[in-house]
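1. Sequence plus the predicted model coming up.
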Amino acid sequence: VTEPVDRDTLAALSQATGDDPAFLAELINTYLAEAPSLLAAMRHATATGDSAGLRREAHTLKSSSAALGAGRLADLCRRLEHGNGPPETLIAQAEHEYQRVRRSLEATRTRP
Amino acid sequence: VTDKASGVSASTPDMVGTAELTADPGRFRQFVILDLATAVAGVATLALVWVWLGGSWLWPLVTATAISAILLAWSLRLYRQGTVDAAVLAVCTTFWLMLVVAPFVIPSLFPGFALLMVWPVLFALPHVRRTTVLRIVVVTGATGIIALLLATRPNPPGVARIPESLLDISFVLVGLVFVALSLATLYGYSGRLGEVVEGLRRANEALQASERSLEAKVAERTAELERLVTTTSRQRQYVETLLRVSPVAIVAVDPEARVRSWNAAAERLFGWTSDEALGRSIDDLVTDETVRAEALAVSQRLIEGADIQVVTRRVRRDGTPIDVQLLAGPVIVDGELVGSLVSYADVGELQRARMAAEQADRTKSAFLATMSHEIRTPMNAIIGMTGLLLDTNLDAEQREYAEIVRGSAESLLTIINDILDFSKIEAGQLDLERAPFNLRSCVESVLDLAVATLDRSRSIDVAYEWSHDTPEAVVGDVTRLRQILLNLLSNALKFTEHGEVVVTVDSRPLDDGAYELRFAVRDTGIGISPDRIDKLFRSFSQLDPSTTRKYGGTGLGLVISKRLAEMMGGSMEVTSEVGVGSTFRFTVVVDVADEIPVDVRLQGEQADLRGLRLLVVDDNETNRRILVEQTEAWGLRVHATGSPGEAIGWIEAGESFDMAILDMHMPEMDGVSLARRIRMFRRSEELPLILCSSLGRREVDVQGAGFTAFLTKPLKPSQLLDTLLEVVVRAVRKPVAPAPPTAASATPLHALRVLLAEDNAVNQKLALRLLERLGLRADVVGNGREVLDALSRRPYDVVLMDVQMPELDGVEATRHIRQRQPGENGPWIIAMTANAMQGDREAYLAAGMDDYISKPIRPPELADALKRAVTRGQVSQESPQNGAVQSPDGMRRD
């Protein structure tokens, strides 16, 4: 099973930002605070047929996820952004994937 | 009756009958007078006898002559008056007198007079009554005898004696006359008179029949008249009853809108009685201030002769409003408008029913939406989880089962989505989006998606042809356009076992500045028979059940696509031939967007390519044609062939080419083998080779063939151009070592004033941190609008611009900046985006961005970009090592 969060990316990120656990934790906290509302917004946008909104939210989550190394989640968001597949399915997958990412990042945060 | 009979007899004097004569007191008096006259004649005769016996003859003679003259005159008058009997008697009397007198005057005429007596009898016989005839016969006989007796007497003195011979003849004649008269009388009774009587009887009958007929006629006419009167009255009653019992209120008004007729239903509906309503203005009667204006407008239109049908509101006498359906039309008699007929039907119930129905419909729609949502949520969970399951370590059997679960779930979801879409369209609830988008990207992404899902075992060439004058930046509903294209393309791929599927896009400008986009998806599939084409676009009618079993689907996809095309102002049609293939064409109308830069790069000749010689080897004619057309448009000199053998022949013969595009899948020899053959004659530097293969077929072994670049089908012009340019640049430009920035010209990095435009909190933090580590502090804004605000407050050297931001995106913001500050004065703008597509990069550069870094941001890339910013593009002549930006004609576009 692939890791939800790519350790190498995270390590590179950590290194690039000066190996500062506090900053990394802050970054992760920001991400974890932001992601659920983005996912909710994506689901809402899909339900209301707001394709522009869906693209925007998916893009944002894709960006953040990619930055933190959550490659699979980023990929799901990319597909959502570009309409490459049924949105509901992708969101369901993204929500599930996010739970894995969250667990992984929380573990990272508490285990600097 | 008496009057009538006299009237009739007066008009027919010849037909006088006995009954009538005796019955008439006036005529009876005439007979009395006649008999009196006869008596007088008798007296006169006795007087003559007296004279003959010894008295004087003069007085009796004068008296008799006078009486006979009077009687003659009177008889003529009577005859003229139609009293035949009297007249005949009068004549006879005259002759009798003359017969008595004549022998004394002119004895020789005596026999003549005797004969003369016959005439009146014969003449009058058919016309007179029986008693009259008898009277005549008797008197004539008596007269004759008296005359003869007188004649036989010795003449008085002085009177000539009648000769003996004449006397004898006179006796004979008188006897004959008498016999004749008797016979005539008898004859009259037995024959002629019978006939006369019979004639009279018949005449009488005829008269009576005539009278009866007349009476009958009169009765008939009378009855008819009565009937007519009755009918008219009944009809009138009928019509009045119709109006009265009509359940619809019917009101007739005159041209001034005053009520002329007001039926019972109107009384019930509005509460005004007919008496109250008549003569009043309809517009005052059934309105209040809320609807008066509308009612006046209706009346006005009626005066103008219009027919009106409207559901509106009127007001009852008690002020309560009622919903009515008002139907009205002008009443025109002999070309003149005499008023209007207006009917009011209470549709309150209907309105309520309609509202209930609409409510029910809404409930149903809501139910459908909820249900579909409720169904789709677990469906998505199933598909999503199965997808995740498939990413885990499964054995072959488990994988197969999981694949089946996912496949089935996806089919089911497609069906549910189709049904939802369809019901939305049917309910008119599908709203189209109107937003600018890139048409080319849209079409190409559909092609990518469709081809990616293509079953690789099938050998289908997918080609794509874009007409140059088609606008790329358009305003419309990209999602729905994608849906149509994807549906048609999936169908084409589904029903095509081998051959090709070609998508063409062109356009036609419309008068109002909009464009009609024309799409065609042509395949070489199983085709559709003519009798089924008609059914194709109807709901729930895929070709036939067997097709459904084989290929799946609800058959709704095409219906939805057609309806969507129509909603976008276009249409859809199909031509097909069984066994040959089908072509689906559709059009949509879009506006041209001016917000997205139109990529003019692909149009016209390319300076870097002009005159270069290109070899194209592709067995697929469509692909080859598209390739040739496209590359020739860019100024290349193209040699194309479908045969690898021929291509090798050209090269062996020494033909020189600057580059070659080889198709991978060719029956004669595949692209890799062909490349190896070519490499035997030409080195990679001499002839760069480009391999063209379908997506998802990258697993072929291309090692050793020395390809310089790869193209994936369907070919997209932008991709093709980028690849060709890349090959040319690589071939022409020798790799050079990046020149270190000259310290003299460089602004120290930490002196740069940086504006970070990024809406994503995580990336914001990350970018700030990275900048910080490079010794830079940056100001942060969240969207393009804020970028413009920030720039108007203070100058920045560098703007790190996220491309996709709310409010105003990076591309738009950049365009605004460049408009405000053209040339060198503006900030150096570095795009930040994860959109690594070639076309996007070009769009950024065209919008005025200077550089580009990909996200997630990597520190060295950021540092390099900032260094380039310091030197203002002086180092941008070389390719950045990371290869994120590559534009053959340089980064900077001022």
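-> Yep, it's here. None of these values were measured; they are calculated from a predicted model. Numbering: from 1, shown residues only, chains lettered A, B, ... in the order given.
2. Now do the buried residues in the strand or helix carrying B:D531.
-> Secondary structure from DSSP states H and E places B:D531 in helix B:530-536. Within helix B:530-536, the residues scored as buried using 16 or more other C-beta atoms under 10 Å in any protein chain shown are B:532-533, B:536. C-beta here means a position set from N, CA and C on the backbone, and glycine is covered the same way.
3. ditto for stretch B:514-529
-> For stretch B:514-529, a neighbour-count test (16+ other C-beta under 10 Å) marks B:514-528 as buried.
4. quick revisit: and which of the buried residues of helix B:530-536 is nearest B:A295?
-> B:L536 (50.9 Å; C-beta to C-beta).
5. Surely that closest one touches B:I528?
-> Yes - in this structure, B:L536 is within contact of B:I528 by C-beta atoms under 8 Å, at 6.6 Å.
6. Just the pLDDT for B:V502.
-> As predicted, B:V502 sits at a pLDDT of 92.
7. Buried ones in the strand or helix carrying it, by neighbour count?
-> Assigned by DSSP H and E, B:V502 belongs to strand B:498-509. If you call a residue buried by 16+ other C-beta under 10 Å, then strand B:498-509 has these buried ones: B:499-505, B:507.
8. Reformat these as JSON lines; add distance to chain A.
-> Output for the buried residues of strand B:498-509, formatted as JSON lines (distance: C-beta to the nearest C-beta, whole Å):
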{"residue": "B:G499", "distance to chain A": "26"}
{"residue": "B:E500", "distance to chain A": "24"}
{"residue": "B:V501", "distance to chain A": "20"}
{"residue": "B:V502", "distance to chain A": "23"}
{"residue": "B:V503", "distance to chain A": "17"}
{"residue": "B:T504", "distance to chain A": "22"}
{"residue": "B:V505", "distance to chain A": "18"}
{"residue": "B:S507", "distance to chain A": "23"}
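9. Between these, which sits nearest B:D346?
-> Taking C-beta to C-beta as the measure, B:S507 is the one of the buried residues of strand B:498-509 closest to B:D346, at 54.4 Å.
10. where's that closest one relative to B:E629, distance?
-> Using C-beta to C-beta, to the nearest Å, we find B:S507 at a distance of 17 Å from B:E629.
11. what does B:A450 give?
-> 23 Å.
12. Look at the two and report which has more neighbours.
-> Neighbour count, other C-beta atoms under 10 Å in any protein chain shown: between B:A450 and B:E629, B:A450 has more, with 25 against 12.
13. Can you tell me the element the more buried one falls in?
-> helix B:439-452.
14. before we move on, what about B:A216?
-> helix B:193-245.
15. Just checking: what are the partner strands of the helix or strand just after that helix?
-> Per DSSP H and E, the first helix or strand lying C-terminal to helix B:193-245 is strand B:249-253. Strand B:249-253 pairs in its sheet with strand B:259-262 (antiparallel), strand B:336-346 (antiparallel), by DSSP bridges.
16. got the angle for strand B:249-253 vs helix B:193-245?
-> Computed by axes from the mean of the first three to the mean of the last three C-alpha atoms, to 10 degrees, the angle separating strand B:249-253 from helix B:193-245 equals 110 degrees.
17. Now strand B:249-253: average pLDDT?
-> Average pLDDT, strand B:249-253: 90.
18. Residues touching it, excluding its own?
-> B:243, B:259-263, B:265-266, B:268-270, B:277, B:282, B:299, B:302, B:331, B:339-346 (C-beta atoms under 8 Å, 6 or more residues apart in numbering or on different chains).
19. Please apply the same query to stretch B:611-619.
-> Here stretch B:611-619 has contacts from B:624, B:627-628, B:631, B:635-644, B:647, B:650-651, B:656-663, B:665-668, B:671, B:674, B:687, B:692, B:724, B:728, using C-beta under 8 Å, 6+ apart.
20. ok, stretch B:844-853 near chain A or not?
-> No - using C-beta under 8 Å from any C-beta of the partner chain, stretch B:844-853 never reaches chain A; the gap is at least 12.8 Å.
21. For that stretch, give the mean pLDDT please.
-> Average pLDDT, stretch B:844-853: 81.
22. end to end, how far does it reach?
-> One end of stretch B:844-853 sits 12 Å from the other (C-alpha to C-alpha, to the nearest Å).
23. buried sites along it?
-> Buried, per 16+ other C-beta under 10 Å, within stretch B:844-853: B:844-853.
24. Kindly indicate which of these lies nearest chain A.
-> Chain A has its nearest neighbour among those in B:I853, at 12.8 Å by C-beta to the nearest C-beta.
25. Could you save the buried residues of helix B:530-536 as CSV and add columns showing pLDDT and distance to B:L488?
-> Shown next, in CSV, are the buried residues of helix B:530-536 (pLDDT from 0 to 100; distance: C-beta to C-beta, whole Å):
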residue, pLDDT, distance to B:L488
B:R532, 79, 17
B:I533, 80, 15
B:L536, 78, 12
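26. so which helix or strand takes in B:M379?
-> Going by DSSP H and E, B:M379 is in helix B:348-390.
27. ok so, going back, now for the helix holding B:D531, which elements pack on it?
-> Helix B:530-536 sits against strand B:572-577, with contacts defined as 3 or more C-beta pairs under 8 Å, 6 or more residues apart in numbering or on different chains; DSSP states H and E.
28. Output the longest helix belonging to chain A.
-> helix A:21-47 (DSSP state H).
29. average model confidence for that one?
-> For helix A:21-47, the mean per-residue pLDDT is 88.
30. residues of whatever helix or strand comes next after it that come out buried?
-> The helix or strand immediately downstream of helix A:21-47 is helix A:51-67, counting by DSSP H and E. Judged by neighbour count using 16+ other C-beta under 10 Å, the buried positions of helix A:51-67 are A:51, A:53-67.
31. Out of those, which are close to chain B?
-> Among the buried residues of helix A:51-67, the residues that sit close to chain B (C-beta under 8 Å from any C-beta) are A:51, A:56, A:59-60, A:62-64, A:66-67.
32. Redo those residues as TSV? Include pLDDT.
-> What follows is these, written out as TSV (pLDDT from 0 to 100):
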residue	pLDDT
A:S51	86
A:R56	85
A:H59	87
A:T60	87
A:K62	89
A:S63	86
A:S64	88
A:A66	87
A:A67	85
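33. Which of those lies at the shortest distance from B:P321?
-> B:P321 lies nearest to A:S51 out of these, by C-beta to C-beta, at 44.5 Å.
34. Quick check: nearest residue in space to that closest one, chain neighbours excluded?
-> Of all residues not flanking A:S51 in the chain, B:T479 sits nearest, at 4.7 Å (C-beta to C-beta, 6 or more residues apart in numbering or on different chains).
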